[in-house]
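Enquirer: I would like the atomic coordinates for the input below:
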Amino acid sequence: MTTRETTSFVYVTYIRSTPDKVFEAITRPDIARRYWGHENVSDWKPGSKWEHIRANDERTVQIVGKVVEVSPPTRLVMTWASPSQAADPASYSRVTFGIEEYDAMVRLTVTHDELEAGSGMAKGISQGWPVVLSSLKSLLETGSGINVFAKPKSA
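Expert: Model prediction:
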């Protein structure tokens, strides 16, 4: 049996908001849609499934997983996989949201680990999390998110 090499991605940002508002923004589909262009759908109980659904006319399920741990408003842990790989337990990675009060703001730490090193998923999340979390910060601080689907302009 071969052991797969794994990697992790950690992103820390500071948001002028409260832990309750940050936690709600991650778990409420109507808020997630405003900064992510997707909805995170679950009952948010340990062991429950969750789905990351594209908030457009097709409503495509982009990511699936299970809720591992929920401690509102400070911690959320869930598994993460492409729907096409959902049947393979080895394909799942894990996302942990750590939300802590930090003076008059929140320090949000997102740790995405157990990723297969060199995989398309590892590459995708290392590019995706910074823009999604920047959009979350913009939404909570200004009332509007940024375009998470924007692409770099050609040189």
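Enquirer: now do the phi/psi pair for the residue lying closest to Lys21 once chain neighbours are set aside.
Expert: Nearest in space to Lys21, with sequence neighbours left out and distances taken as CB to CB, 6 or more residues apart in numbering, is Leu140 at 6.0 Å. Where you see a C-beta, it was placed from the backbone N, CA and C, and this is true even at glycine. Phi and psi for Leu140, reported as degrees, to the nearest 10, are phi -70, psi -30.
Enquirer: what about Leu140, neighbour count?
Expert: Leu140 is flanked by 22 other residues according to other CB atoms under 10 Å.
Enquirer: equivalent analysis for the one 3 residues further on, please.
Expert: Using other CB under 10 Å, the number of residues around Gly143 comes to 8.
Enquirer: same question for Lys66.
Expert: By the measure other CB under 10 Å, the count of residues near Lys66 is 17.
Enquirer: residue contacts, it?
Expert: Contact partners of Lys66, counting by CB atoms under 8 Å, 6 or more residues apart in numbering, are Gly47, Ser48, Lys49, Trp50, Met78, Thr79.
Enquirer: could you pull out the helices in this structure for me?
Expert: 19-27, 29-36, 120-142 (DSSP state H).
Enquirer: quick one: low-confidence ranges for the chain?
Expert: 1-2, 155 (pLDDT under 70).
Enquirer: where exactly do the strands run in it?
Expert: Taking DSSP state E to define them, one finds strands in the chain at 6-15, 38-41, 49-54, 61-71, 75-80, 93-102, 105-116.
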